[in-house]
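>>> Coordinates for the following, if possible.
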Amino acid sequence: MSALKTLNPYFYKHKKLLLYGVIFIILSNILTIFPIKFIGKAVNIIAQSLTSTEVQDKNQLFKKLLLYGGIIVLAPIISGIMKFYMRQTIIVASRRIEFELKNNIYKHYQTLSFTFYKKSKIGDLMNRISEDVVNVRQYLGPGIMYSANLSIMLIIIIACMLESDPVMTFYAIIPLPFLSYIIYNQSTIINKKTKIVQTKQSELSSFVQDSFSGIRVIKSFTKEDYIISKYVTKSNQYREESLSLSSTEAFFSPLMILLIGLSNLFILYIGGERYINGKISVGTITDFFLYLNVLIWPFTALGWVISMTRRAEASMERINDFLNVKEEIKNTNSNIYPIKGKIRFENVSYTYPNTGIKALNNISFEILPGETIVFMGKTGSGKSTIALLLERLIEPDSGKIFVDDKPLSDHNLSLIRDKIGYVPQESFLFSDTIFSNISYGVENAKMEDVIKFAKKAEIHSNIIEFKDKYQTEVGERGVTLSGGQKQRISISRALIKEPVIFLFDDSLSAVDTETEEKILSNIENDIDIKTTLIITHRVSSAKNSSRVIVLDQGKIIEIGTHSDLISKQGFYSELYKKQITQKLS
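The predicted structure follows:
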């Protein structure tokens, strides 16, 4: 149960509702058990009336019987009202805690670094905020409610039993120690099996997520049958583990009924013997049978509650593992100030922790405000890593990055990211309208502004051909659009922010060179006054740049203007010749 201790602050926050819930449970149980004594008395009256010969005595007995009957009918009605309010307090508190827990998990997702998401599976992350939180909520609501209900009811009933007849109480509760041992033993097994089931469920969710994300690749390689067979295998593994868990859980209910049945046998035998000896009345025997039968449902539910608690413990352990992941990148500055756009890298190195690949090796360069710098190099040379470092999505292993001669780590993180218009290598669009995707980074954006920057990105002419124009739904990840259209919408999204620093990470690769030149020409006025970093494989993007920085295996191998590098006859010059030759052919 140690994992569930992290829920204590939530309990404390909603202590009033939970306390009211416990009060309603106590009242409900008292009103459930209270009429039982009168049932026993009513039975005694009926037995007495059978032996009485006087009419006056029979009338008196009949009046008492009516009174007891009224109590027997009225008490359960009031008890039902108490049960309603019991749910309205405890279940409502559990729903509020579920809401807060989901929000806290989601907020924590937002604080974690790019590296964490590279190492994690989306399906597993989704499972923690959905299935795992639901398991915890069931423990917080029904789990606590039924546990408290059973505990309070057991205390009240044993007290009533002891008051009626201590000897019969002793025999009635003989099975309970055996019950406690079996519950402890079975709950340990359930806990282990629950963790296995939840792991298998996460694996299945991750596999389905990957399959949906890569459906184009699956279909183009005609791998549908292979994917289905893998899904069936994983689904069977989940089914087998779930059935194994269900078999263990199913053992509880019949066991509870068996043990309570044994208690009934003891009552029948011992009660019958004591009645024959004149030590108790038939009404007392009736009371004991009713007390035990009232316990049948709470004890039957005990197995379900224990299973629920174990599931919640396993789920909370997974949630805690995630919540204990420390955010690597913290914002230590909340001030608002102007950003001019000067950038400096000093001996910066970075190695990706999940692969061990050294992306950057002791690189240094400086970019002045308003300069346009083009980064070129082979795939894997470290170009995109520069973009991630400047956005502060990852932190360098060594060296320092400066913006306006101030360490990047000392800047207001939100301010820096707001002042950078970043177009990533993989154009990601949200499952929303084109208008919403372009205006994503600007609050209360106007249609004229969206159109203005869509024109600069050379996408407006395509958009107006769509049936719903700017209100066209792009589908999940922009699936209804071509690669070039997605890239240009991403560029529009960066431009509309009117940032101080433009950061294009190979974001024109899916458009032809003619469209590329038009886009760069359209935003030339902005580029002239803003610092611009263009990561590309095309020499055409570098012609009008201030400088070109060529990378290879994480190191700078060439740096200079387009004309300087052409004359050096190095990597850049060779690439230029190849691309010119391809263009001419």
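>>> Could you list the buried residues of stretch 425-436?
If you call a residue buried by 16 or more other C-beta atoms under 10 Å, then stretch 425-436 has these buried ones: S427, L429, T433, I434, F435, S436. The way it works is simple: take the backbone N, C-alpha and C, and place the C-beta from them, glycine included.
>>> now the fourth one: how far from D506?
The one in question is I434. Going from I434 to D506 by C-beta to C-beta, to the nearest Å gives 22 Å.
>>> Distance from the chain centre to the longest helix anywhere in the chain, please.
Counting by DSSP state H, the longest helix found in the chain is helix 55-111. The chain centre lies 32 Å from the centre of helix 55-111; the measure is C-alpha atoms, centre = their mean, to the nearest Å.
>>> What lies in contact with the helix or strand following that helix?
Following helix 55-111 in sequence order, the next helix or strand is helix 114-119 (DSSP states H and E). Applying C-beta atoms under 8 Å, 6 or more residues apart in numbering, the contact partners of helix 114-119 are V325, E328, Y352, P353, N354, L388, L393, I394.
>>> which of the residues you listed has the weakest pLDDT?
Among the contacts of helix 114-119, N354 carries the lowest pLDDT, at 74.
>>> Reformat the buried residues of stretch 425-436 as TSV; add distance to K486, pLDDT and secondary structure.
Converted to TSV, the buried residues of stretch 425-436 look like this (distance: C-beta to C-beta, whole Å; pLDDT from 0 to 100; DSSP: H, G, I helix; E, B strand; the rest coil):
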residue	distance to K486	pLDDT	secondary structure
S427	4	78	coil
L429	6	81	coil
T433	14	87	strand
I434	10	86	helix
F435	15	88	helix
S436	14	87	helix
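>>> which residues of the stretch 401-550 of the chain score low on pLDDT?
By pLDDT under 70, the weakly predicted segments of the stretch 401-550 of the chain are 509-511, 523-529.
>>> Swap in 80 and give it another go.
Along the stretch 401-550 of the chain, segments meeting pLDDT under 80 span 425-427, 441, 443, 475-480, 482-483, 506-529, 537-545.
>>> With I71 as the reference, measure out to A42.
For A42, the distance to I71 (C-beta to C-beta) stands at 9 Å.
>>> can you check T372 too?
Counting by C-beta to C-beta - T372 and I71 are separated by 90 Å.
>>> R311 too?
Separation of R311 from I71 (C-beta to C-beta) stands at 41 Å.
>>> Could you check which of the two has the larger neighbour count?
The residue with more neighbours, out of R311 and I71, is R311; 27 against 17, by other C-beta atoms under 10 Å.
>>> so what's that one up against?
R311 is in contact with N135, Q138, Y139, T194, Q198, counting by C-beta under 8 Å, 6+ apart.
>>> Which residue is the nearest non-sequential neighbour of the first one?
Counting by C-beta to C-beta, 6 or more residues apart in numbering, S315 is the residue found nearest to N135 once chain neighbours are left out, at 4.0 Å.
>>> Report the angle between the helix or strand containing the one you found and helix 55-111.
Taking DSSP H and E as the definition, S315 sits inside helix 282-323. Using axes from the mean of the first three to the mean of the last three C-alpha atoms, to 10 degrees, the inter-axis angle of helix 282-323 relative to helix 55-111 is 0 degrees.
>>> when you give positions from now on, start the count at 717
Right, with 717 as the first residue, what we last looked at is helix 998-1039.
>>> Quick one: distance of helix 998-1039 to the chain centre.
Per C-alpha atoms, centre = their mean, the centroid offset for helix 998-1039 relative to its chain is 27 Å.
>>> following it, which helix or strand shows up next?
strand 1059-1067.
>>> what residues does stretch 792-805 touch?
If you take C-beta under 8 Å, 6+ apart as the criterion, stretch 792-805 is touched by 733-734, 736-737, 740-741, 743-745, 747-748, 751, 861, 865.
>>> again, 10 Å this time
With contacts defined as C-beta atoms under 10 Å, 6 or more residues apart in numbering, stretch 792-805 is touched by 730, 732-751, 857-858, 861, 864-865.
>>> Take those residues and keep only those in helices.
Counting by DSSP H, the part of the contacts of stretch 792-805 found in helices is 732-751, 861, 864-865.
>>> got the domain boundaries for this protein?
Under the assignment automatic domain parsing, the domains of the chain span 718-1039, 1056-1135+1217-1231+1242-1301, 1142-1214.
>>> quick one: terminal-to-terminal distance for the last one?
If I follow you right, that is domain 1142-1214. This stretch, domain 1142-1214, spans 21 Å end to end (C-alpha to C-alpha, to the nearest Å).
>>> Tell me how far it lies from the chain's centre.
The chain centre lies 29 Å from the centre of domain 1142-1214; the measure is C-alpha atoms, centre = their mean.
>>> cool, and the first one?
For domain 718-1039, the distance from its own C-alpha centre to the chain's C-alpha centre is 25 Å (C-alpha atoms, centre = their mean).
>>> I'd like the domains of the chain written out as JSON lines, with distance to T1048 added.
Output for the domains of the chain, formatted as JSON lines (distance: least, C-beta to C-beta, whole Å):
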{"stretch": "domain 718-1039", "distance to T1048": "14"}
{"stretch": "domain 1056-1135+1217-1231+1242-1301", "distance to T1048": "7"}
{"stretch": "domain 1142-1214", "distance to T1048": "23"}
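>>> which element is the nearest residue to I898 once chain neighbours are set aside on?
Closest residue in space to I898, ignoring its immediate chain neighbours: L971 at 6.4 Å, by C-beta to C-beta, 6+ apart. Using DSSP H and E, L971 sits within helix 968-992.
>>> Now for this protein, the helix or strand with the poorest mean pLDDT.
Every helix and strand in the chain was compared by mean pLDDT, DSSP states H and E; the lowest is helix 1240-1245, with a mean of 59.
>>> I'd like the next helix or strand past that helix.
As assigned by DSSP H and E, the chain's next helix or strand after helix 1240-1245 is strand 1247-1251.
>>> now the following helix or strand past that following strand against strand 1247-1251, angle please.
Toward the C-terminal end, the helix or strand that comes next after strand 1247-1251 (DSSP H and E) is strand 1263-1268. If you take the same axes, to 10 degrees, strand 1263-1268 sits at 40 degrees to strand 1247-1251.
>>> buried set for strand 1263-1268?
Of the residues in strand 1263-1268, R1263, V1264, I1265, V1266, L1267 count as buried by neighbour count, 16+ other C-beta under 10 Å.
>>> Could you please name the strands it pairs with and the direction of each pair?
The strands beside strand 1263-1268 in its sheet (DSSP bridges) come out as strand 1088-1093 (parallel), strand 1271-1276 (antiparallel).
>>> Comparing those, which stretch has the densest surroundings?
Compared across the strands paired with strand 1263-1268, strand 1088-1093 shows the largest average neighbour count, a mean of 24 (mean count of other C-beta atoms under 10 Å).
>>> And the average pLDDT for that strand is what?
Strand 1088-1093 comes out with an average pLDDT of 86.
>>> Dump the C-alpha coordinates for it into PDB.
Extracted in PDB, the C-alpha atoms of strand 1088-1093 (Å, rounded to 0.1, in the frame of the first residue of the first chain):
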ATOM      1  CA  THR A1088      21.000  34.900 -42.000                       C
ATOM      2  CA  ILE A1089      23.100  31.800 -41.400                       C
ATOM      3  CA  VAL A1090      22.700  28.600 -43.300                       C
ATOM      4  CA  PHE A1091      23.700  25.300 -41.700                       C
ATOM      5  CA  MET A1092      24.600  22.500 -44.100                       C
ATOM      6  CA  GLY A1093      26.000  19.000 -43.900                       C
END
